[in-house]
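> What would the 3D arrangement of this be:
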Amino acid sequence: MSRYVFDPSRFQVSAPVPVTLFGEPRGIFGLKRLIMATDLRLVIEVERTGKRTVETEGPRAGGCWSFRTLISEETEELRTDGVLPGVRRALRRRGVLPGHGHRFHVVDTGMACSGLETGAVETVCWVAAFLAAAENPLLDVEGEVARIAAEAGLKEGEEPSDGPAAWAIAELGGLRLFDGFSASPAASYPHRLNGFLAGHCGDPEDRRPEMREGRALMEKALRLYAGWIENFNFREESTESLFALLRELPEKCALQMYGNTVSRDICRSALALLAATNFEPHELGRLLDEQHEMDRDYLGLSTPAIERVFHAAKRAGALGCTRQGLAGAILIYAPHRERQVALAVEKAGGLGIRVNPDGGLRIQSLPASKV
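Numbering: from 1, shown residues only. Below is the predicted model of the structure:
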């Protein structure tokens, strides 16, 4: 039986924008990551046209820019950018002719205003939309949409990603733990962690150069540790043995090792908190703040704009905050204080949007007049 029931002539596909609560957001070093799907969703409405073309239109990711694409079956001309070329390449490798005879309309849900990264959810949503339009059985294979999306998110000639959790959570939804480089969640949690806001920090700075530098420094530190400790495994090595050798590292490598080690341990503490009988919101907030401290003081991933929003949110009653992505967004935990915190964030030059936990990929029929 199909996982999705819908009218293939008129339907809607939607997928959630994920946020990383704790752990390593990029999956570079194989650490645990706790990721939550939110109710900020990308929505694509699809209508069968019967023409020998593919038509796409709408505001990409909620208003960043508008696009209109017309792809001819004969010429395969593709006048667009973003994720669509990669999606089409990945589907063609599987024998799928993506989207011909259909019109695709991206609905402006305002998710771009959150400042959160949307590349993974865009890719998942387009893969699912094209598979659904083709009525392709790959849609019913659990995890296949995420696998295709991870491949589609790469540039031509690149190796598969070692951190596919963002694509997986966009398909699966919920609050889930990803362990190492696996695309399959190691655990899921029933907690309804309400009270979050996505804080767009106004005029963000691109932190990708800092991320690349930090990765190179951390990889150097790991190589040195591998020469000092027999059968070294960063994921499992004790904090005490890691800290005992910090002085042997170059200063910048030591900062990265300290920040990543403490972040690893914060994630462990958060998992224990979620598993406890008595959940303590203030403790979750404290751990989020501690994670932000590592990002700011040791990993070099904060910005003045993020710090303004962070302090404004805390003064307004937020229990904790942690950075998101590489371009100036922050996740704020403020149960029962969402409105007050959102106003404070706006006064600080940002924008606070309430987000709640949500499910994964959805495909459902539309009424005749909808598209």
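> Which residues in the longest strand along the chain does the neighbour count mark as buried?
Counting residues, the longest strand found in the chain (DSSP state E) is strand 33-48. Buried residues in strand 33-48, counting neighbours by 16 or more other CB atoms under 10 Å, are found at 33-38, 40-47. The way it works is simple: take the backbone N, C-alpha and C, and place the C-beta from them, glycine included.
> The nearest residue to Leu249 once chain neighbours are set aside sits in which helix or strand?
Excluding the flanking residues, the one nearest Leu249 by CB to CB, 6 or more residues apart in numbering is Ala221, at 5.5 Å. According to DSSP states H and E, Ala221 maps onto helix 208-228.
> coming back round to it: Serialize the buried residues of strand 33-48 to a markdown table and add fields for distance to Gly101.
Shown next, in a markdown table, are these (distance: CB to CB, whole Å):
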| residue | distance to Gly101 |
| --- | --- |
| Arg33 | 39 |
| Leu34 | 41 |
| Ile35 | 36 |
| Met36 | 37 |
| Ala37 | 31 |
| Thr38 | 33 |
| Leu40 | 30 |
| Arg41 | 26 |
| Leu42 | 22 |
| Val43 | 21 |
| Ile44 | 16 |
| Glu45 | 15 |
| Val46 | 11 |
| Glu47 | 10 |
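> so which of those residues would you say is closest to Glu55?
Of all the buried residues of strand 33-48, Glu55 sits closest to Glu47, with 9.2 Å by CB to CB.
> roughly how far apart are the closest one and Asp295?
Separation of Glu47 from Asp295 (CB to CB, to the nearest Å) stands at 44 Å.
> Contact partners for the nearest residue to Glu24 once chain neighbours are set aside?
Counting by CB to CB, 6+ apart, Glu24 lies nearest to Leu31, which is 4.2 Å off, once chain neighbours are set aside. By CB atoms under 8 Å, 6 or more residues apart in numbering, the contact set of Leu31 is 23-24, 180, 234-235, 260, 263-264, 267.
> returning to what we had before: for the longest strand of the chain, output the C-alpha coordinates as PDB.
Output of strand 33-48 as PDB, limited to C-alpha atoms (Å, rounded to 0.1, in the frame of the first residue of the first chain):
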ATOM      1  CA  ARG A  33      23.100  15.400  16.500                       C
ATOM      2  CA  LEU A  34      19.700  16.100  17.900                       C
ATOM      3  CA  ILE A  35      17.500  17.600  15.100                       C
ATOM      4  CA  MET A  36      13.900  18.800  15.200                       C
ATOM      5  CA  ALA A  37      11.500  19.300  12.200                       C
ATOM      6  CA  THR A  38       9.600  22.600  12.600                       C
ATOM      7  CA  ASP A  39       6.200  23.800  11.300                       C
ATOM      8  CA  LEU A  40       7.900  26.300   9.000                       C
ATOM      9  CA  ARG A  41       7.300  24.400   5.800                       C
ATOM     10  CA  LEU A  42       8.000  24.700   2.100                       C
ATOM     11  CA  VAL A  43       4.900  24.100   0.100                       C
ATOM     12  CA  ILE A  44       4.700  23.200  -3.600                       C
ATOM     13  CA  GLU A  45       1.300  22.900  -5.400                       C
ATOM     14  CA  VAL A  46       1.300  20.700  -8.500                       C
ATOM     15  CA  GLU A  47      -1.200  20.500 -11.400                       C
ATOM     16  CA  ARG A  48      -1.200  18.200 -14.400                       C
END
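> and it, what other elements does it pack with?
With contacts taken as 3 or more CB pairs under 8 Å, 6 or more residues apart in numbering; DSSP states H and E, strand 33-48 sits against strand 10-23, strand 102-107, helix 119-133, helix 165-172, strand 175-178, strand 196-200, helix 251-275, strand 351-355.
> Mind pulling up the pLDDT for Glu24?
Confidence at Glu24, expressed as pLDDT, is 80.
> ok, now how distant is it from Val341?
Distance of Glu24 to Val341, given as CB to CB: 27 Å.
> Between the two, which is the more surrounded one?
Val341 (27 against 20; other CB atoms under 10 Å).
> about what we covered before: what is the distance between the longest strand of the chain and the centre of its chain?
Offset of strand 33-48 from its chain centre (CA atoms, centre = their mean, to the nearest Å): 11 Å.
> can you tell me how far Leu249 sits from Phe243?
For Leu249, the distance to Phe243 - CB to CB - is 11 Å.
> Look at the two and report which has more neighbours.
In terms of neighbours (other CB under 10 Å), Leu249 is the more surrounded of Leu249 and Phe243; the figures are 19 against 14.
> Sketch out the low-pLDDT regions of the protein for me.
Applying pLDDT under 70 to the chain flags residues 1, 25-27, 52-53, 58-81, 154-163, 181, 183, 203-206, 326-327, 369-371.
> and it, what are its domains?
In terms of domains, the chain is parsed into 10-192+358-365, 196-355 (source: automatic domain parsing).
> Of these, which is nearest Ser2?
domain 10-192+358-365 (5.4 Å).
> And that closest one, end to end?
Domain 10-192+358-365 has an end-to-end distance of 6 Å (criterion: CA to CA, to the nearest Å).
> returning to that earlier point: can you list the buried residues in the helix or strand following the helix holding Ala221?
Following helix 208-228 in sequence order, the next helix or strand is helix 239-244 (DSSP H and E). Of the residues in helix 239-244, Leu242 count as buried by neighbour count, 16+ other CB under 10 Å.
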